[in-house]
Every structure is written in structure tokens, then in C-alpha cells.
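# requesting a structural model of the entry that follows:
(one chain, ligands or ions: 4)
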Amino acid sequence: MKKIIFASFVCLIFHSCNTLIQDRDISPTLALRFQNQTATEYEFSFEMYSIENISAFACEIFFDEDVFEIYSEPFTDLDNDGGWDYGEEYEDYGLDGCEDSYEDGTGGCNLTQDLTVNDPNNDNYNSSDSTSSQLEGNGTFDDKTIVFEDLFNSDIEPMDDFNYVKYAEGGKISLVGAFVEETPGEQYIFEILDQKIATLKLRIKPGAVLDSSVISIGNWQLLQPDGNGAYFGGMVATETLYVTQ
Ligand SMILES: [Ca+2]
Ligand SMILES: [Ca+2]
Ligand SMILES: [Ca+2]
Ligand SMILES: [Ca+2]
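Ligands and ions are numbered 1, 2, ... in the order given. Model prediction:
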């Protein structure tokens, strides 16, 4: 079995060790941490600390669907579950949610149309855009509620054996990540997982009252390569995020 010490791997490749100093005294923890807030968006992170010897993780995160909705392009929610499902129509307008003639130039939308403008929010698809932020007209439904850290998208070994699934719907975010055994006997594991996993962003519903809203961790599983759970219930601290106005 191959093992990687995750923190060291990150340091080696990215030279950014300052947030990864191990403190082996802290409890295994699944955390939600505030990142940023605007009038219309709320950004936070999903992080794991002092988690050892796992090959897969799965976690549900609950939010108040009266306050927040997923951070995606507009879509017709036929089954009313708050998430986009295959076959549901969407507007390929980018994450601002509007087409050029309604764009306000600051990432939002005007109520009235101006046919003289040309992409004020600069979000029209452009094949040479390396940041993948220009999502209007790319022919794809885009949902950026969950963005895994760059490391997890890496083609560098062993991360090319790592796969994830993510889904955001009304009131719930689900994320799953696992090392897949590509070659028999060559199963990677996280010897130590001690870092931010993903950035999560929700749209604040117009007129919503944020105070007293909470974002919390629901069901979770941390699995060993044999499929058995590595941790149970109280072995892991789960941190709730209290939203303020
Ligand atoms: Ca749906
Ligand atoms: Ca747009
Ligand atoms: Ca545009
Ligand atoms: Ca799109």
C-alpha cells in the first residue's frame, strides 16, 4: 500500500506550508469556516484536520433554504429540489444569472435591458480563458457552489487517482472524494489529511434575514481502503458555522 503524508506533499509541490503545520494534539475535526460575504453571496470553506489513514470521505452540509440557494446559472427546477438535475432547462448566462443586455458591469444584473452594451460583466465564453470564469454561452450548465481545492484537480501523481463527486440542492451540499485503486495493490491513502478541502459558495436570497441562520455538518463518513469506517460519531469534532448579517 502506498501512503502519502498529505501536508508534505502539498509543501513539496506548492511551497505553502504556513497553514499546514501539524498540531497532533487537536482532535480530528470537520470544520466549516467563514471566508467572505457580499450583499448577494456567502462564501465558506470545508476543511479537515488531523484525519489519518483514510482513502475516501463523504460529507453532507446543511443550510437554510429560506436564506440561501445554490450558486449556479439559472435553471427551471422541475422537481423543486433546489438543485439542477439532468434534463432541467437552464439559462447559459453565467453565474451573474443574466445575459449581456441586462448586465450591470459589476457582476450583477439590471432590471431593464440595454441593447447597446457588449458583455459588461465580462463573462462571455472565450476559449482562451484559462481561469474558467467566463461561463456565459459555453454550452454547459455551471454550478460553482462547490469548488475543490486545486490540488484535488491535479494531474500530478498520486492525485490523478483521486476522484470526487459533488452535488448541491435545496438545503444541502454533498461532497465525496476518494482515491480509486487504478492498479491492483496500488491504493493510495491520506496518511494525514489536514487542510481546506473545498470552497463553498451560496447565493443569499433577496430579502433573507441571515442572523441566526446556521450552516452545519450532517452525515459524514471517513473510510479506510477496505471500506470500513475509520472514525465514528464522537471521535470527530464537527464545527457549525453561525451566520451573521
Ligand atoms: Ca431539480
Ligand atoms: Ca452574464
Ligand atoms: Ca455576458
Ligand atoms: Ca454556462
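
# what sits against Asp100?
Val117, Asn118, Asp119, Pro120, Asn124, Glu136 (C-beta atoms under 8 Å, 6 or more residues apart in numbering). Heads up, the C-betas are built off the backbone N, CA and C, glycines and all.

# what residues does the nearest residue to the fifth one once chain neighbours are set aside make contact with?
Counting by C-beta to C-beta, 6 or more residues apart in numbering, Glu136 is the residue found nearest to Asn124 once chain neighbours are left out, at 4.9 Å. Neighbour list for Glu136: Asp92, Tyr93, Gly94, Asp96, Glu99, Asp100, Asp119, Asp123, Asn124, Tyr125 [criterion: C-beta under 8 Å, 6+ apart].

# so the last one makes contact with Gly137?
Which is Tyr125. Yes. Between Tyr125 and Gly137 a contact is recorded at 4.5 Å, counting by C-beta atoms under 8 Å.

# helix or strand for the residue in the chain positioned nearest to ligand 2, just tell me which one.
At 3.6 Å from ligand 2, Gly94 is the closest residue in the chain, using C-beta to the ion. Assigned by DSSP states H and E, Gly94 falls within no helix or strand.

# alpha carbons of stretch 38-54, as PDB, please.
Output of stretch 38-54 as PDB, limited to C-alpha atoms (Å, rounded to 0.1, in the frame of the first residue of the first chain):
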ATOM      1  CA  THR A  38     -21.200  40.200   0.000                       C
ATOM      2  CA  ALA A  39     -24.800  41.500  -0.300                       C
ATOM      3  CA  THR A  40     -25.700  38.600  -2.500                       C
ATOM      4  CA  GLU A  41     -23.100  35.800  -1.800                       C
ATOM      5  CA  TYR A  42     -21.900  33.900   1.200                       C
ATOM      6  CA  GLU A  43     -18.600  32.000   0.900                       C
ATOM      7  CA  PHE A  44     -17.100  29.500   3.300                       C
ATOM      8  CA  SER A  45     -14.800  26.500   3.300                       C
ATOM      9  CA  PHE A  46     -15.000  22.800   4.200                       C
ATOM     10  CA  GLU A  47     -11.800  21.800   6.000                       C
ATOM     11  CA  MET A  48     -10.500  18.600   7.600                       C
ATOM     12  CA  TYR A  49      -7.900  18.500  10.400                       C
ATOM     13  CA  SER A  50      -6.000  15.600  11.900                       C
ATOM     14  CA  ILE A  51      -7.800  13.000   9.900                       C
ATOM     15  CA  GLU A  52      -5.500  10.000   9.400                       C
ATOM     16  CA  ASN A  53      -5.300   6.900   7.200                       C
ATOM     17  CA  ILE A  54      -8.300   7.300   5.000                       C
END
